[in-house]
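*Asks:* Return atomic coordinates for the entry below.
(2 chains)
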There are 2 protein chains.
Amino acid sequence: MVLCDIGNTSYHFLDGDEEFKKSVKTFNPLEIKERVCYISVNQKVKKQLQGLENWSDLSSFINTQPYYETMGIDRIFACEAVHHGIIIDAGSALTVDVMKDGVFEGGFIYPGLHAMMHTYATISPALNYSFNFEVNLDKMPKNSQDAISYGYLKTLYSEVMSHSLPVILTGGDALAFHKLFKHATVDEMLIFNSMKKIIQKADIC
Amino acid sequence: MVLCDIGNTSYHFLDGDEEFKKSVKTFNPLEIKERVCYISVNQKVKKQLQGLENWSDLSSFINTQPYYETMGIDRIFACEAVHHGIIIDAGSALTVDVMKDGVFEGGFIYPGLHAMMHTYATISPALNYSFNFEVNLDKMPKNSQDAISYGYLKTLYSEVMSHSLPVILTGGDALAFHKLFKHATVDEMLIFNSMKKIIQKADIC
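*Replies:* I've put the predicted structure just below:
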């Protein structure tokens, strides 16, 4: 049995200990003959998969009532795995969700690293820089690279830290953001582990 | 004599009391026969204008030494007009600059309203919302529109307010951001007034 977390840009598979990604643009789900238990925030892919017998959507095995209707299923699975903490899932979008003593308190959505870099570069070629994760957060910047890095990172950092909760980092860019949130726990398997728990609990797949 | 502040997307003119904008994509500067005093962050347009006798670049009449080399000339002109305060220029980029007792302390760059809306919509069609400027900043959101609004606006708001300085709003989206920064002074003429001062001081144009 294979696990799959489908985002806006890629299928993220876990097959035993082996993790791999496939682009939603090019991957054909018919290529996999094994049983796949999946979640998908990508509505287009979700529709495609509904006709395939070996692909099982795990979203129906979870009580989504404590969350909100349009909340991404990956965020819900991440929250289900955390009792108390603030979860940053750094993918194409960067989602930030608060769990307090097992209760979902709400969350917000920020652009992911690559989306935001692209945004600055599109506004002006003069803002075409990569982010400096070592930017001094205690001083207003006096150069262009730090001016965009501070704009993207300091604002996020202050908001996350204002909740005074343990920080859990997951998603494809978790390691990049670990440079910013130095005391965070990095758990790249958070969603897969949550999927495994749901599978065991519901005795499926 | 006409004033012109040239950004990444438009020429912003002031002719007496009349203000108007022209797209950088379609406007031909040869159309104007009058004397124009201008500043331009748009390097491509700046090069074009250098060959035109009736277009005078004001950037050489200012002491840019207190600022940094790659800082946009519009930000420098805005700072020159403010002795003590935090200036938000809400255009295609949203720039935030701090002046303390006449001294430039640094600044950062955040994506402008339309750039950021486009970014969310590009990440996923599920995030294709306009921003809710009335979003509750004291509570983590529980719906998609507020989740992106909080992501864009709360993070900016907290950073700006942390400086405990009077807030001055300028730029094309100043009025939209006035809903967020309710106690800010809106001064849509900030840069033009700064240009006028420089012109008087240097006895040019």
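
*Asks:* What is the neighbour count of residue A:25?
*Replies:* For residue A:25, the number of neighbouring residues by other C-beta atoms under 10 Å in any protein chain shown comes to 7. C-beta: built from backbone N, CA, C; applies to glycine.

*Asks:* Next, it: secondary structure please.
*Replies:* coil (DSSP: H, G, I helix; E, B strand; the rest coil).

*Asks:* Chain B versus that one, what's the distance?
*Replies:* 14 Å (C-beta to the nearest C-beta, to the nearest Å).

*Asks:* And that residue, what's its pLDDT?
*Replies:* Listed pLDDT for residue A:25 reads 95.

*Asks:* Please apply the same query to residue A:134.
*Replies:* Reading off the model, residue A:134 has pLDDT 96.

*Asks:* One more: residue A:125?
*Replies:* 91.

*Asks:* what's the answer for the one 5 residues further on, then?
*Replies:* Per-residue confidence for residue A:130 comes out at a pLDDT of 97.

*Asks:* Please look at it and residue A:118 and confirm they touch.
*Replies:* No. In terms of C-beta atoms under 8 Å, residue A:130 does not count as a neighbour of residue A:118; the distance is 11.3 Å.

*Asks:* Now do the domain split for chain A, please.
*Replies:* A:2-61, A:83-189 (automatic domain parsing).

*Asks:* Could you pull up phi and psi at residue A:45?
*Replies:* Residue A:45 adopts backbone torsions of phi -70, psi -40, taken as degrees, to the nearest 10.

*Asks:* Same check on residue A:11?
*Replies:* The phi/psi pair for residue A:11 (degrees, to the nearest 10) is phi -80, psi 130.

*Asks:* Which strand residues bridge it?
*Replies:* residue A:6, residue A:22 (DSSP bridges).

*Asks:* ok so, going back, if you count what's nearby, which of residue A:130 and residue A:118 comes out ahead?
*Replies:* residue A:118 (15 against 12).

*Asks:* List the residues that contact the residue nearest the centre of chain A.
*Replies:* What sits nearest the mean C-alpha location of chain A, by C-alpha atoms, centre = their mean, is residue A:89, with 3.2 Å. For residue A:89, the contacting residues are A:74, A:75, A:78, A:95, A:97, A:170, A:171, A:190, A:191, by C-beta atoms under 8 Å, 6 or more residues apart in numbering or on different chains.

*Asks:* For those, please prepare JSON lines with the additional fields distance to chain B, secondary structure and neighbour count.
*Replies:* Shown next, in JSON lines, are the contacts of residue A:89 (distance: C-beta to the nearest C-beta, whole Å; DSSP: H, G, I helix; E, B strand; the rest coil; neighbours: other C-beta atoms under 10 Å in any protein chain shown):
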{"residue": "A:74", "distance to chain B": "11", "secondary structure": "helix", "neighbour count": "27"}
{"residue": "A:75", "distance to chain B": "9", "secondary structure": "helix", "neighbour count": "23"}
{"residue": "A:78", "distance to chain B": "14", "secondary structure": "helix", "neighbour count": "26"}
{"residue": "A:95", "distance to chain B": "8", "secondary structure": "strand", "neighbour count": "25"}
{"residue": "A:97", "distance to chain B": "8", "secondary structure": "strand", "neighbour count": "26"}
{"residue": "A:170", "distance to chain B": "17", "secondary structure": "strand", "neighbour count": "28"}
{"residue": "A:171", "distance to chain B": "13", "secondary structure": "coil", "neighbour count": "29"}
{"residue": "A:190", "distance to chain B": "19", "secondary structure": "helix", "neighbour count": "25"}
{"residue": "A:191", "distance to chain B": "17", "secondary structure": "helix", "neighbour count": "27"}
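
*Asks:* How many residues are close by residue A:51?
*Replies:* Residue A:51, neighbours per other C-beta under 10 Å, totals 8.

*Asks:* a helix runs through it, doesn't it?
*Replies:* No. Counting by three-state DSSP, residue A:51 is located in no helix; its state is coil.

*Asks:* Can you add distance to residue B:102 and give the contacts of residue A:89 back as JSON lines?
*Replies:* Output for the contacts of residue A:89, formatted as JSON lines (distance: C-beta to C-beta, whole Å):
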{"residue": "A:74", "distance to residue B:102": "50"}
{"residue": "A:75", "distance to residue B:102": "47"}
{"residue": "A:78", "distance to residue B:102": "48"}
{"residue": "A:95", "distance to residue B:102": "42"}
{"residue": "A:97", "distance to residue B:102": "44"}
{"residue": "A:170", "distance to residue B:102": "46"}
{"residue": "A:171", "distance to residue B:102": "44"}
{"residue": "A:190", "distance to residue B:102": "50"}
{"residue": "A:191", "distance to residue B:102": "52"}
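
*Asks:* Pull out the buried residues from stretch A:22-34.
*Replies:* A:22, A:24, A:27, A:29, A:32 (16 or more other C-beta atoms under 10 Å in any protein chain shown).

*Asks:* Looks like the last one contacts residue A:38 (just checking).
*Replies:* No. With contact defined as C-beta under 8 Å, residue A:32 does not reach residue A:38; the gap is 10.3 Å.

*Asks:* Mind picking the two most distant members of the buried residues of stretch A:22-34?
*Replies:* A:24 and A:32 (14.3 Å; C-beta to C-beta).

*Asks:* If you drop the residues flanking it in sequence, what lies closest to residue A:68?
*Replies:* For residue A:68, ignoring the flanking residues on the chain, the nearest one in space by C-beta to C-beta, 6 or more residues apart in numbering or on different chains is residue B:142 at 4.6 Å.
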